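*Asks:* can you look at this prediction? I've put the sequence above it.
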Amino acid sequence: GRPEATYILERTMDRIAHELGLDPAEVRRRNFIPPQAFPYTTVTGLQYDSGNYQAALDRALALADYAGWRAEQHEYRVAVNPRLLGIGLSTFIEFSGDNATPMTNIPREAATVRIRRDGTVLVQSGVSHTGQGHYTAFAQIASTALHLPVSKVEVYMNDSSLPGFSIGTFGSRITQVAGSAVLLAAEAVRAKALQVAAQVLEAAPTDLLMEGGRVLVRGVSARSVPFSELARLVEEQPGLIEREHPNPANGTPIEGLAAWRDFSPPGATYSSGAHLAVVEVDTETGDVHVLKYVAVDDCGRVLNHYLTEAQIHGGLAQGISQALYEEVFYDQDGQLLSGTLMDYALPIAAQVPGFVTALVETPSPNNPLGAKGVGEAGCIGGPPAIVNAVLDALSPLDIKTIDMPLKPEKIWALVQAARNGTLVQSDSSSLPILSYERKKE
């Protein structure tokens, strides 16, 4: 429901700006929660963990050259151009992660990290992976914690017999929740490895460091022991470290130089973003051309920029497609007519514009990675940005509303009605006025 809710809110923000004669960016700026107000409790009782909405909007306006496009829009209108230029904004939040009370005596998310006798590291997670890049992310988390190349980390998941657990892959929760379990397990096995290495090297654990799959005495690199030797010692002498209990979800034992850890966040995280679209509308055909699209997203601490960008790009393709092309058709008897990809419009590469993307990082306090979700950002911010841009283009014709998808025939019909004096749209003065008194602190 996030795309639908954001769509209504962002259309409302632009309508407010239009009615009051204000810049849409200024209306949003005046209503942002300031960064110092977080964590912020809303009037409905939700708690936003962190955010810097103003920074994202400022970055989007700068990257898009907002002032420049507004000046060009003025040139279009002065020249009485049959092509109309429009600029649309969308600022939004995205609920992600977990917000439910965990069940008693059952882990919400758990993982095991083990150092093996060949010196490599095995990460075992209960996550069900479906192509989002979790293997890469988990390997990166473990390699960073243990200070060894990511090529030395192997990740297992999609197997219910593993010593891990997950409540599911949904809600943009895996990196921030399951990834945190991997981090905690990696840090725990690191502590165990340092404990064993301290005995071998006859040094205090605080005087040791990890580097490239070895444990070194700080300042004396010649005194070191490889991960492989530490794993062999623990497998032959299990009493060297504290043994882990079997995985509570399935009873799978935790053996060797390994650690099992679970993680349950104290609350959800709230990502945010500011998207800006520039479109050109051909009034003679109704065609919409996206000239520029800028997306600035804040998904907390970014662990892997490539994966983050890929998630944003996919979401944007879906969001822009929803705004311009996708539609479900039924006949008069309720029979679905667009039930296959032969009948349901999806964009080809030529119909998806290039994107300018940037990131603002506001870490979340609700998980040790500081991460938030990002997979749904594009399909949340995309539709209202495109629709606001099209309506901004059509505003000289006093066209104030249009329903998705913005197909050429729909736009053309509205333009013709506006020019012929037959345009009929709802009057904003008839809408109910809702208000509430903000509780004083």
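*Replies:* It's in. Model, not experiment: these values are computed from the prediction.
*Asks:* alpha carbons only for contacts and neighbour counts from here, please
*Replies:* Fine.
*Asks:* show me which residues of the helix or strand hosting Glu229 are buried.
*Replies:* Assigning secondary structure by DSSP states H and E places Glu229 in helix 227-236. In terms of neighbour count (16 or more other C-alpha atoms under 10 Å), helix 227-236 has its buried residues at 227-235.
*Asks:* check stretch 287-301 too.
*Replies:* Quick answer for stretch 287-301 (16+ other C-alpha under 10 Å): 287-290, 292-301.
*Asks:* go through stretch 378-398 and flag the buried ones.
*Replies:* By neighbour count with 16+ other C-alpha under 10 Å, stretch 378-398 contains the buried residues 378-394, 397.
*Asks:* which SS class is the residue lying closest to Ile399 once chain neighbours are set aside?
*Replies:* Spatially, and ignoring its direct neighbours in sequence, Ile399 is nearest to Leu391 (6.8 Å; C-alpha to C-alpha, 6 or more residues apart in numbering). Recorded secondary structure, Leu391: helix (DSSP: H, G, I helix; E, B strand; the rest coil).
*Asks:* Leu391 against Gly86, yeah?
*Replies:* Yes: between Leu391 and Gly86 there is a contact under C-alpha atoms under 8 Å: 7.2 Å.
*Asks:* what's the average pLDDT for the longest helix seen in the chain?
*Replies:* Assignment by DSSP state H gives helix 179-201 as the longest helix of the chain. Averaged across helix 179-201, pLDDT comes to 97.
*Asks:* repeat that for stretch 57-73.
*Replies:* pLDDT averaged over stretch 57-73 gives 98.
*Asks:* which parts of that stretch are buried?
*Replies:* Buried residues in stretch 57-73 (16+ other C-alpha under 10 Å): 57, 59-61, 63-64, 66, 73.
*Asks:* nearest to Leu216 among those residues?
*Replies:* Arg59 (43.7 Å; C-alpha to C-alpha).
*Asks:* which helices and strands sit right next to the helix or strand harbouring the closest one?
*Replies:* Using DSSP H and E, Arg59 sits within helix 53-64. Applying 3 or more C-alpha pairs under 8 Å, 6 or more residues apart in numbering; DSSP states H and E, one finds that helix 53-64 makes contact with strand 269-282, strand 288-298.
*Asks:* one step back: the longest helix of the chain packs against which elements?
*Replies:* So helix 179-201, by 3+ C-alpha pairs under 8 Å, 6+ apart, packs with strand 109-115, helix 134-146, strand 208-211, strand 214-217, strand 220-226, helix 227-236, strand 257-262.
*Asks:* one more time with 7 Å
*Replies:* If you count contacts as 3 or more C-alpha pairs under 7 Å, 6 or more residues apart in numbering; DSSP states H and E, helix 179-201 packs onto strand 109-115, helix 134-146, helix 227-236, strand 257-262.
*Asks:* distance from the chain centre to the last one, please.
*Replies:* From the chain centre to the centre of strand 257-262 is a distance of 28 Å (C-alpha atoms, centre = their mean, to the nearest Å).
*Asks:* where in the chain is pLDDT low?
*Replies:* Within the chain, the stretches with pLDDT under 70 are 1, 100-105, 426-441.
*Asks:* need the helices and strands packed on helix 53-64 in JSON lines with distance to Pro34, can you?
*Replies:* Output for the helices and strands packed on helix 53-64, formatted as JSON lines (distance: least, C-alpha to C-alpha, whole Å):
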{"stretch": "strand 269-282", "distance to Pro34": "13"}
{"stretch": "strand 288-298", "distance to Pro34": "15"}
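*Asks:* hang on, the earlier thing: out of the helices and strands packed on helix 179-201, deepest packed?
*Replies:* Greatest average neighbour count among the helices and strands packed on helix 179-201 goes to strand 109-115 (a mean of 28), per mean count of other C-alpha atoms under 10 Å.
*Asks:* which neighbours in the sheet does that strand have, and how are they oriented?
*Replies:* strand 121-125 (antiparallel), strand 165-166 (antiparallel), strand 257-262 (antiparallel) (DSSP bridges).
*Asks:* and for the longest one, what's in contact with it?
*Replies:* Where contact means C-alpha atoms under 7 Å, 6 or more residues apart in numbering, the residues beyond strand 257-262 that reach it are 107, 109-115, 181, 184-185, 188-189, 231, 234, 244.
*Asks:* could you dump it to CSV, C-alpha only?
*Replies:* Presented in CSV, the C-alpha positions along strand 257-262 are these (Å, rounded to 0.1, in the frame of the first residue of the first chain):
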residue,chain,number,x,y,z
LEU,A,257,35.1,-22.6,15.2
ALA,A,258,31.6,-21.2,14.7
ALA,A,259,29.1,-18.8,16.2
TRP,A,260,25.3,-18.7,16.0
ARG,A,261,23.5,-15.4,16.6
ASP,A,262,20.0,-14.2,16.3
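*Asks:* picking up where we left off before, residues making contact with the helix holding Glu229?
*Replies:* The list of residues contacting helix 227-236 from outside it, by C-alpha under 7 Å, 6+ apart, reads 115-119, 193, 196-197, 213-214, 240, 256-257.
*Asks:* ranking those by neighbours, who comes first?
*Replies:* Leu257 (30 neighbours; other C-alpha atoms under 10 Å).
*Asks:* tell me which stretches of the stretch 301-441 of the chain form helices.
*Replies:* For the stretch 301-441 of the chain, the helices defined by DSSP state H, counting those that start in this stretch cover 305-324, 377-394, 408-420.
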